[in-house]
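Engineer: Take this sequence and fold it.
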Amino acid sequence: MSHVPQHVPFELSGAELRDAIVQFATNPIYLDNLSWQNEDNPYRRQLRPQVLPHLDFDKVPGRENILDYTSLAVQRLLTTVYEADLVFFPQSGLEGKEEDFRAFYSPANRALGERIRPALERYAFGFLDDEVETSGKWTRASLDSYLDSLDMGGGQEPSPVEAAVTGSTDPVRAARMWLVQFAPDFLSEASPMMRNLLGYYGPTQSEWFKVVIDEYGYGVHDTKHSTLFERTLESVGLRTDLHRYWQYYLNSSLLLNNYFHYLGKNHELFFRYVGALFYTESSLVDFCRRADRLLHGVFGESVDTKYFTEHIHIDQHHGRMAREKIIAPLIDAHGEGIIPEIVRGIEEYRVLLGIADKDLSAQIAWMDDQPELKKLHGPVYEAIREGRVVAPVAHLVEPFNELSNTHCHEGDELCHIVSGTMRFESGLDSSLTLEAGEGVVIRRNRLHGADILSDECVYEIHSVGDYRKCL
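Structural biologist: Prediction:
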């Protein structure tokens, strides 16, 4: 069974698709921000519409390109489209934001989003068709053997992200950046799951509802899982208003969250969601145990980790529920033919987890390496100036407080300041101040942005491909 819906007569492609995407993204609430953080306004999120006309959304990328800028743009767009189905209000109340509220939930905005969604989903998740194979004869017995073989414990070795955080030159900064990546999911936790509770499909529906009830604290707001996560954020000095840290969400963080919305929005993928639900609920036990240990190791006793310790207990139960009360009855009702889809959901989610771990680890290393990458500016720029390296260059002149909202590049680049002063942003609490004659090497696919601190800044962006060849 194909993973992503193929072209259908009403679906857009090519220039028509690009025009529709730009039309959606030019809604005033999606324009670039003048601050690194959004101020308690869940309807505003920066989609950088000025760049979208130059991107190709029609060809599905392979895994090697899934973290490129076009994919980041697609994940930001999909998050925005999916969230038009959810109810958000500012923590401080709606007063003064009524126009943004109406713009976000307007029929026109939602219709435009739905128009581009199928093509965006194909672009975002189409690469999984080449990553996962579930062909062959699957039976209850082979499924049981497969589920029993899955390693939910993770072993004793630290995960790539644990190693990146604890080994960082600034573990507090790294851990805060790590926590921010969960905000798109955890602050509206179980919302994608709710998409599969609607309708009529028997006792399994009620069992699934029990999982959601747990996530929502049995109706007690203080024990709702998203409330517990807010307390974790607050205990390490982070804010909890939705998408305050939009500029710092990594491509892969949005990819993981969007995957569950994708499975829940498209009910033909229901059984994939069942598989992904089983795996995430079962594997979260070890993940949350490690997260509790990691956060206490970095922040000491001041950090509130109840969000994670609560999941250590509850997800042991949820994992069993998903297997015994959801998967098994569904096979009883619908036959062994649904098993490949259940397995595909598990395997696809495992692929995405691996991508996310590597992406965040690389971003933390990129943040740590900023002083060294600033030093490398000299030899790389000298190689360009002396003609030993030929690199296309863009000459830019920007005024005071011009903010280049966060983005990434498809190859290594060199930022060189000709005159003026720039703040170069490489992650939450991670920046460099660059003066005339200075600069920094920008690594491929690493999230970054810039702010102009002088009345005017003249700078160059040299596309060097692989900066190591310049040394």
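Engineer: make it CA atoms for all contacts and neighbour counts henceforth
Structural biologist: Noted.
Engineer: Now do the same for residue 122: its pLDDT.
Structural biologist: pLDDT for residue 122: 96.
Engineer: Where does it fall, secondary structure wise?
Structural biologist: For residue 122, the host element (DSSP states H and E) is helix 107-125.
Engineer: Other residues contacting that helix?
Structural biologist: For helix 107-125, contacts defined as C-alpha atoms under 8 Å, 6 or more residues apart in numbering pick out 4-6, 11-13, 17, 20-21, 23-24, 27, 57-61, 66, 71, 74-75, 78, 81, 84, 103-104, 255, 259, 262.
Engineer: Next SSE downstream of that helix?
Structural biologist: helix 140-149.
Engineer: Can you give the distance of the helix holding residue 122 from its chain's centre?
Structural biologist: Centroid displacement of helix 107-125 relative to its chain, using C-alpha atoms, centre = their mean, to the nearest Å, is 17 Å.
Engineer: If any of the contacts of helix 107-125 are buried, give me the PyMOL selection for them.
Structural biologist: Here is the PyMOL command that selects only those of those that count as buried (16 or more other C-alpha atoms under 10 Å):
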select buried, resi 4+12+13+17+20+21+24+27+57+58+60+61+66+71+74+75+78+81+84+103+104+255+259+262
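Engineer: mind listing the strands for the stretch 201-350 of the chain?
Structural biologist: Read by DSSP state E, counting those that start in this stretch, the stretch 201-350 of the chain holds no strands at all.
Engineer: mind listing the helices for it?
Structural biologist: Per DSSP state H, counting those that start in this stretch, the stretch 201-350 of the chain carries helices over the ranges 203-215, 225-235, 251-265, 270-299, 306-321, 328-334, 339-368.
Engineer: per-stretch mean pLDDT over these, give me the minimum one.
Structural biologist: helix 306-321 (a mean of 81).
Engineer: by contact count, what packs against that one?
Structural biologist: Judged by 3 or more C-alpha pairs under 8 Å, 6 or more residues apart in numbering; DSSP states H and E, helix 306-321 is in contact with helix 203-215, helix 225-235, helix 270-299.
Engineer: The ones you listed into CSV, with extra columns for mean neighbour count and distance to residue 392?
Structural biologist: Output for the helices and strands packed on helix 306-321, formatted as CSV (neighbours: other C-alpha atoms under 10 Å; distance: least, C-alpha to C-alpha, whole Å):
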stretch, mean neighbour count, distance to residue 392
helix 203-215, 17, 51
helix 225-235, 20, 42
helix 270-299, 21, 43
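Engineer: re the thing from before, looking at the contacts of helix 107-125, which are in helices?
Structural biologist: 17, 20-21, 23-24, 71, 74-75, 78, 81, 103-104, 255, 259, 262 (DSSP state H).
Engineer: what about the strands in the stretch 351-471 of the chain?
Structural biologist: 393-399, 403-407, 412-419, 422-427, 430-434, 439-442, 448-452, 456-465.
Engineer: low pLDDT regions in the stretch 1-150 of the chain?
Structural biologist: 1-10 (pLDDT under 70).
Engineer: Residue 186 against residue 227, yeah?
Structural biologist: No - judged on C-alpha atoms under 8 Å, residue 186 makes no contact with residue 227 at a distance of 9.1 Å.
Engineer: list residues touching both of those two?
Structural biologist: Going by C-alpha under 8 Å, 6+ apart, no residue sits against residue 186 while also sitting against residue 227.
Engineer: Could you check how many residues crowd around residue 373?
Structural biologist: 18 (other C-alpha atoms under 10 Å).
Engineer: er, residue 265 I mean
Structural biologist: Using other C-alpha under 10 Å, residue 265 has 18 other residues around it.
Engineer: For it, give me its contacts.
Structural biologist: Contacts for residue 265 (C-alpha under 8 Å, 6+ apart) come out as 192, 195.
Engineer: still on that earlier bit, of the helices and strands packed on helix 306-321, which is nearest residue 409?
Structural biologist: helix 225-235 (29.9 Å; C-alpha to C-alpha).
Engineer: Only C-alpha atoms, please: export the closest one in PDB.
Structural biologist: Extracted in PDB, the C-alpha atoms of helix 225-235 (Å, rounded to 0.1, in the frame of the first residue of the first chain):
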ATOM      1  CA  HIS A 225      -0.100  16.400  30.900                       C
ATOM      2  CA  SER A 226       0.300  19.600  29.100                       C
ATOM      3  CA  THR A 227      -0.100  21.500  32.400                       C
ATOM      4  CA  LEU A 228       2.700  19.300  33.900                       C
ATOM      5  CA  PHE A 229       4.900  20.200  30.900                       C
ATOM      6  CA  GLU A 230       4.200  23.900  31.400                       C
ATOM      7  CA  ARG A 231       5.600  23.500  35.000                       C
ATOM      8  CA  THR A 232       8.700  21.800  33.600                       C
ATOM      9  CA  LEU A 233       9.300  24.700  31.200                       C
ATOM     10  CA  GLU A 234       8.700  27.300  33.900                       C
ATOM     11  CA  SER A 235      11.100  25.600  36.300                       C
END
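Engineer: what angle separates that helix from helix 203-215?
Structural biologist: 30 degrees (axes from the mean of the first three to the mean of the last three C-alpha atoms, to 10 degrees).
Engineer: Contacts made by helix 225-235 with the rest, please.
Structural biologist: 179, 186-189, 215-217, 221-222, 239-240, 302-307.
Engineer: Report the buried members of these.
Structural biologist: Applying 16+ other C-alpha under 10 Å to the contacts of helix 225-235 flags 179, 186-189, 215-217, 239-240, 303-307 as buried.
Engineer: Which of those residues sits closest to residue 391?
Structural biologist: Distances from residue 391 to these, taken by C-alpha to C-alpha, are shortest for residue 179, at 37.0 Å.
Engineer: Relative to residue 301, how far out is the closest one?
Structural biologist: 17 Å (C-alpha to C-alpha, to the nearest Å).
Engineer: go on, residue 389?
Structural biologist: Distance, residue 389 to residue 301, using C-alpha to C-alpha: 52 Å.
Engineer: Which of those two has more residues huddled nearby?
Structural biologist: Between residue 389 and residue 301, counted using other C-alpha under 10 Å, residue 389 has the larger neighbour count: 17 against 11.
Engineer: isn't that one right up against residue 383?
Structural biologist: Yes - counting by C-alpha under 8 Å, residue 389 does reach residue 383; the two are 5.7 Å apart.
Engineer: joint contacts of the two?
Structural biologist: Counting by C-alpha under 8 Å, 6+ apart, the residues touching both residue 389 and residue 383 are residue 470.
Engineer: Residue 395: neighbour count?
Structural biologist: 11.
Engineer: Show the pLDDT at it.
Structural biologist: At residue 395, pLDDT is 98.
Engineer: ok, for it, nearest residue in space, not its chain neighbours?
Structural biologist: Ranked by C-alpha to C-alpha, 6 or more residues apart in numbering and with sequence neighbours excluded, the top spatial neighbour of residue 395 is residue 460, at 4.8 Å.
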